[in-house]
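> Whatever this is, show me its structure:
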Amino acid sequence: MIRLPAGFHITTFFIASLLMLSSEASAERASPQPATGVEWLQEMRKAAGSLDYQGVVTYIKDQQVDSFKLYHQVSEGKERERLVSMNSPFREVVRADGNVARYTSDSHQVVVETKPSNQSVLINLPEDTSRLERQYRINLRGQEYVAGALTQVVALEPRDPYRYSRLLWIDTHTHLPLKLDVLNEEGASVEQMVFTTINTHDPIAPADLSPSVQAARAITQISHRETLPVAGLKWTLTAVPEGFQIVSYSTLKRPPLNAPVEHVLLSDGLASVSVYIEKRDGRIKPGARKMGPASVDSVNLGDYEVTVMGEVPRKTVALIANGVRKKGEN
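Prediction:
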């Protein structure tokens, strides 16, 4: 039992305790911190790729809520990452040695992406985060608590109508991203990611970074991707909003037809847009539509079908889709 000095009231004790905690919190915040939004993003990207952490992540997308366990480890300069669902249907993503494998229990299949990936499943940012300032206004919006940790809120607001806004909550101590909110043209949230718990102290067991035994017994590679040089692209994209650049060009073969599908990935460093080009077979109907938070537009181009999709406004995918041309043709 704590014995208080004579004449020392319990109210005085609590006030003194609160003042001490406030002083400690102020001392922690007094440590050097990034001064600008770009510097916060730089520190966040560095932390997400270099720290060991594990926690529970909640995704809210298309009015559905999913929770996942996330494990991330860096050993000898190599990253390993595993994301596993906590509710049905079972889903699992494992990133190791530059490859990404996606497992599902209902189909007993796994999709293996052989294209090297150095980006976390949390959020993608360019190595030079300052280039984002060309397309986004990056501002600081005060501090809030997420998962019990004090965070700095960073807002990325587009300078044109061709991309969405984003809000990031970055841990002031670890600089890890603890929350992400994607906002459409009306300011409504279309996707949200938030840590409900996070642990950067306890070691991660090897088993936590490996796919589950049940899924590993029925592995079937159901798609094959071949990365091609961008110089070999047979198409021109004549109407791409400023800032979006081609980051990869590849072909996919998917059963049952195994017909090749050309895939061009565009990115402005934050938002990504996929362009799929394949021979027409009547399966894809032309026109614009929504697929959850993603905007989709499909057009016929001679003997080909062009489908453009991404978490961007509809006008963006429509502009890109209608601007695809085969090289040498008007």
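> What residues does the residue nearest in space to the middle of the chain make contact with?
The chain has residue 123 as the residue nearest its centroid, 3.2 Å off, counting by CA atoms, centre = their mean. Contact analysis of residue 123 by CB atoms under 8 Å, 6 or more residues apart in numbering lists 48, 168, 177, 180, 193. Just so you know, the C-beta spots here come from the backbone N, C-alpha and C atoms, and that holds for glycine as well.
> Tell me which helix or strand it sits in.
Following DSSP states H and E, one finds residue 123 outside all helices and strands.
> going forward can the numbers begin at 712, since that is how I track them
Let's use 712 as the start, then, which means that last one is residue 834.
> thinking again about what came up before, taking the contacts of residue 834 one by one, which sit in strands?
In this view, those that belong to strands under DSSP state E are 879, 888, 891, 904.
> Report the beta-bridge partners for the last one.
This points to residue 904. Beta-bridge partners for residue 904, by DSSP bridges, are residue 770, residue 891.
> Could you pull up the residues touching it?
768-771, 833-834, 890-891.
> got it, and residue 779?
767-770, 794-797.
> swap in residue 857?
Residue 857 neighbours (CB under 8 Å, 6+ apart): 880, 882, 889-890, 905-906.
> Output these in a markdown table; the columns should cover pLDDT and neighbour count.
What follows is those, written out as a markdown table (pLDDT from 0 to 100; neighbours: other CB atoms under 10 Å):
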| residue | pLDDT | neighbour count |
| --- | --- | --- |
| 880 | 97 | 26 |
| 882 | 97 | 23 |
| 889 | 96 | 26 |
| 890 | 96 | 20 |
| 905 | 96 | 17 |
| 906 | 96 | 25 |
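> quick one: which two of those are the most distant?
The largest separation in the contacts of residue 857, counting by CB to CB, is between 882 and 905 at 12.3 Å.
> Mutual contacts of these two, please.
What both residue 882 and residue 905 touch, as defined by CB under 8 Å, 6+ apart, is the set 857, 889.
> where does this protein have low pLDDT?
712-742, 809, 816-833, 924-936, 965-969, 1041 (pLDDT under 70).
> domains in it, as residue ranges please.
Listed by automatic domain parsing, the domain ranges of the chain are 748-927, 935-1037.
> Can you give the distance of the longest one from its chain's centre?
Chain-centre distance of domain 748-927: 5 Å, with CA atoms, centre = their mean, to the nearest Å.
> Specify the beta-bridge partners of the nearest residue to residue 944 once chain neighbours are set aside.
In space, and not counting its chain neighbours, residue 944 is closest to residue 960: 5.3 Å by CB to CB, 6 or more residues apart in numbering. Beta bridges link residue 960 to residue 939, residue 975 when assigned by DSSP bridges.
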